[in-house]
Each structure stands twice: as structure tokens, then as C-alpha cells.
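J.: Give me the fold of what follows.
(one chain, ligands or ions: 1)
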Amino acid sequence: MSRKEDKQIHLHDVTPGQERFCAEVLNGLRKPQKELPSKYFYDERGSYLFERICALDEYYIPRTEVAIMETYIEEMVELLGPDVLLIEYGSGNSTKTRILLDHLCPLAAYVPIDISREQLLRATGALLSDYSGLEVFPVCADYTSGFELPVLNRPNCRQVVYFPGSTIGNFDPVPAKHFLEHVASVCGPDGGLLIGVDLKKDPDVLHRAYNDRQGVTAAFNLNLLERINRELNCDFQVEWFQHYAFYNPWEGRVEMHLVSLRDQTVWLDNVAIPFAKGESIWTESSYKFNLDEFQQMAAAAGFKVEHVWTDERQWFSVQYLVNTGETTS
Ligand code: AVJ
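T.: Down below sits the predicted model:
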């Protein structure tokens, strides 16, 4: 199961192969409203571009979330309790996690899960050298579909899942509920979930956050087509597609699309995919929540909201949820 040994780092790798990637791309591009799964943004270049997005003035999420974490870290650590086995979904470069690692002690172990293998290995290496004695068990996986976590025999610790960044917003409502149910089963009856949830706000603020002046978000979106060209047998003319992102207030989400600037045909593995001028590929949704909407979704998945921390503008929230073991439809 573990395909790669990197120095002392033991990577548990359950990522889907290229056939799966190809099948999902083809499936998405054959729908009447063409779409591509946003998880495929994060190849080496995509992960780099996402880090640049996180440094943009317009992209308020990381700054706001870090400020909330730093302000309330003592309260959070108090609620999480001792002997935590910390499991993070979409750990990326584990920047925000360091705030937790600096304060959670003793910590039983840290299990970062990410789809981007190189970034995961780099982040793990950096953590091992910066936190002596910390046990890290990296898992490379697509956590949007079922996968096995390595069995770590730690009978006396509580499993806490960390899911920052409002990545929960990238799931549509039904898959979001299923994902939270999966998380509830992972953390067990006395476990918890520390989650970042982006809140509804002025649409102009959202618009700027996904349409930055430097065009980094546009490059991030378009990189998905470049990645498909690089890794699959495909010939997207990237300059004939345009980044288009807007807040859809009826659905409460930012939608990112790539709009075809002309009639064109793209070939993927000898399959012709026709595009009309103005037709779009839907590449990402980023749902924004009210506190009560999120609380209802959490409750439906078996979680009780134990505590909510927000910034003074109420733009973002970090929430601690505990498993009640009861789900509703
Ligand atoms: C990965 C959920 C934090 O939806 O805001 C950033 C990804 N897309 N800019 C988000 C993203 C465009 C991001 N998250």
C-alpha cells in the first residue's frame, strides 16, 4: 500500500491513479453543463499558485482564519483536551496547523492528509525537523472519496479532525453532509472536529477575493486545463478559455468557471469534446454559510456545535464540533 519511502518519512499513499483522473475528466466534460472536480487543481503548480492566492490582499480567508486561531488558541486547546491524535484533511503546507502544534501538548501524533504528494512530503519533512519528538504519519489520498486511514494503535487518545480553510465549502450540500458523516465516524464517539467555515458577506468582497487584480486566481483556474494537457492525452488551447468567477447569492456560493472564447473542439484520448462560444466548464463552488445554516448541516451529520469563534467583522469562523452519534436526513 505504501508506495514511497522518502528518507525516514513513511508515506501512506492511496491516491487514485491516472486512469481515474482521466475517467473523471471525461465524465465531467460530457455533462450538459461541463464540469471538472476542483480537487485536481492541486498539482505541483496548482499548490504553488494556491499559496500565492493565500498571500493576496483580496483573499481574506487565510489572514482572517489565522488571526482567529491566534486570538483564541488557548480556548481551543482547552476544549480539545490532552492526548489528541490530530488528523488534518487537506493539510497543504500545514501552516495553520503549527499554531495548534505549538500549543497542544502532549499531542499523541499528527496525521496530515493531502492529495498533493510533493507538498505533503515537504511539509512533513519541515515539521519533523521543527518539532522534535512529534510523530507524523502522512497520508496521500483523495479524501473526497472513501479511503482507509492507516491503523494507529493509540487506545488512550481522542481523535480530533482539523479541517481549516473553509474547504468544506468546496463540497455541494449532499456530499458535504456525507463528508461530515465520514469525519464523525473517523473521530469516533468522543472525538471532535475543528473546522474553518467561511461566512456570508458583502458580495463585492467575495467578488474581489476570487477575481484578484494580479490574475493569480485566473492562473490557478486555468492551470487545471494545463495540468490535463500535461498528464493526459489532451490538447486544450488554454488561451481560448477565460477565468470567470462570481458570487451566486441564490445558492450562497462563489462559482468558478472557465468560459470558452470561441467554438472549438478539444480532443481527450481520441474523444472529441465540442465547445460553443460562451459555454463554460464549472471548476469550483465555494459555499458561504450563515452560522445557523452550518449548524443545521453539522447536526444532520451527527455533530453538535460546541463553540464558534469569529473575527470582529464576522467574515470567517472557526468552530469546534463534537460527535453526538445521531444523524438525521
Ligand atoms: C481551498 C476552499 C480554501 O474555495 O476559497 C481559492 C480555493 N479557489 N481561490 C476557496 C480557492 C479560488 C479555496 N479553498
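
J.: how about stretch 237-251, does it reach the ligand?
T.: No - when contact is scored as C-beta under 6 Å from any ligand atom, no part of stretch 237-251 falls within range of the ligand; the minimum is 7.3 Å. In short, each C-beta sits where N, CA and C put it, glycine included.

J.: what's near enough to touch the residue in the stretch 101-250 of the chain positioned nearest to the ligand?
T.: Here the residue of the stretch 101-250 of the chain nearest the ligand is residue 165; by C-beta to the nearest ligand atom that distance is 4.0 Å. By C-beta atoms under 8 Å, 6 or more residues apart in numbering, the contact list for residue 165 reads 61-62, 65, 90, 92, 96, 196.

J.: ok, which residues in the stretch 151-300 of the chain are in contact with the ligand?
T.: Taking C-beta under 6 Å from any ligand atom as the criterion, the neighbours of the ligand within the stretch 151-300 of the chain are 165-167, 169-170, 210, 217, 284, 286.

J.: Next step: those restricted to strands.
T.: Secondary-structure check on these using DSSP state E: residues within strands are 284, 286.

J.: From residue 271, how far off is residue 291?
T.: In this view, residue 291 and residue 271 are 45 Å apart by C-beta to C-beta, to the nearest Å.

J.: next one: residue 156
T.: In this structure, residue 156 and residue 271 are 53 Å apart, going by C-beta to C-beta.

J.: And for residue 89?
T.: 33 Å.

J.: When these two are compared, which one has more neighbours?
T.: For residue 89 versus residue 271, neighbours defined as other C-beta atoms under 10 Å are more numerous around residue 89 (25 against 12).

J.: if I look at the more buried one, how far off is the ligand?
T.: Using C-beta to the nearest ligand atom, to the nearest Å, one gets 11 Å for the distance from residue 89 to the ligand.

J.: And residue 31, by the same measure?
T.: Here the criterion is C-beta to the nearest ligand atom. By it, residue 31 lies 21 Å from the ligand.

J.: Now do the phi/psi pair for that residue.
T.: Listed backbone geometry of residue 31 is phi -80, psi 160, with angles given as degrees, to the nearest 10.

J.: show me what contacts the closest residue to the ligand within the chain?
T.: Across the chain, the shortest distance to the ligand (C-beta to the nearest ligand atom) belongs to residue 286, at 3.4 Å. The contact partners of residue 286, taken as C-beta under 8 Å, 6+ apart, are 166, 169-170, 198, 210, 253-256.

J.: got it, and residue 144?
T.: The contact partners of residue 144, by C-beta under 8 Å, 6+ apart, come to 37, 39, 171, 175, 179.

J.: Can you give me the pLDDT of it?
T.: At residue 144, the pLDDT value in this model is 88.

J.: Am I right that it is in a helix?
T.: No - assessed with DSSP: H, G, I helix; E, B strand; the rest coil, residue 144 is coil; it does not lie in a helix.

J.: In contact with residue 22, which residues are there?
T.: Applying C-beta under 8 Å, 6+ apart to residue 22 gives the contacts 232, 268-269.

J.: With residue 290 instead?
T.: With C-beta under 8 Å, 6+ apart as the criterion, the residues that contact residue 290 are 199-200.

J.: Residue 118: how many residues sit nearby?
T.: Here the number of neighbours of residue 118 (other C-beta under 10 Å) works out to 13.

J.: Residue 44 is in contact with that one, correct?
T.: Yes - using C-beta atoms under 8 Å, residue 118 and residue 44 qualify as a contacting pair, with a distance of 5.7 Å.

J.: Now the closest residue to residue 234 other than its chain neighbours: phi and psi?
T.: Excluding the flanking residues, the one nearest residue 234 by C-beta to C-beta, 6 or more residues apart in numbering is residue 268, at 4.5 Å. Geometry field for residue 268 lists phi and psi as phi -130, psi 110, criterion degrees, to the nearest 10.

J.: ok, now which ones touch residue 268?
T.: In this structure, residue 268 makes contact with 22, 25-26, 29, 228, 232-234, judged by C-beta under 8 Å, 6+ apart.

J.: among the residues you listed, which two are most distant?
T.: Greatest spatial distance in the contacts of residue 268: 29 and 233, 13.6 Å, computed using C-beta to C-beta.

J.: Pick out whichever of these two has more residues nearby.
T.: The residue with more neighbours, out of residue 29 and residue 233, is residue 29; 19 against 12, by other C-beta under 10 Å.

J.: ok, and the closest non-adjacent residue to that one?
T.: Among residues not flanking residue 29 along the chain, residue 273 sits closest, at 4.9 Å (C-beta to C-beta, 6+ apart).

J.: list the contacts for the one you found?
T.: 29-30, 34, 265-267.

J.: So, low pLDDT: which residues of the protein?
T.: 1-7, 329 (pLDDT under 70).

J.: which residues does the residue of it most remote from its centre contact?
T.: Going by C-alpha atoms, centre = their mean, the residue of the chain most distant from its centre is residue 263, 33.0 Å out. Contact criterion C-beta under 8 Å, 6+ apart gives 274-277 as the residues in contact with residue 263.
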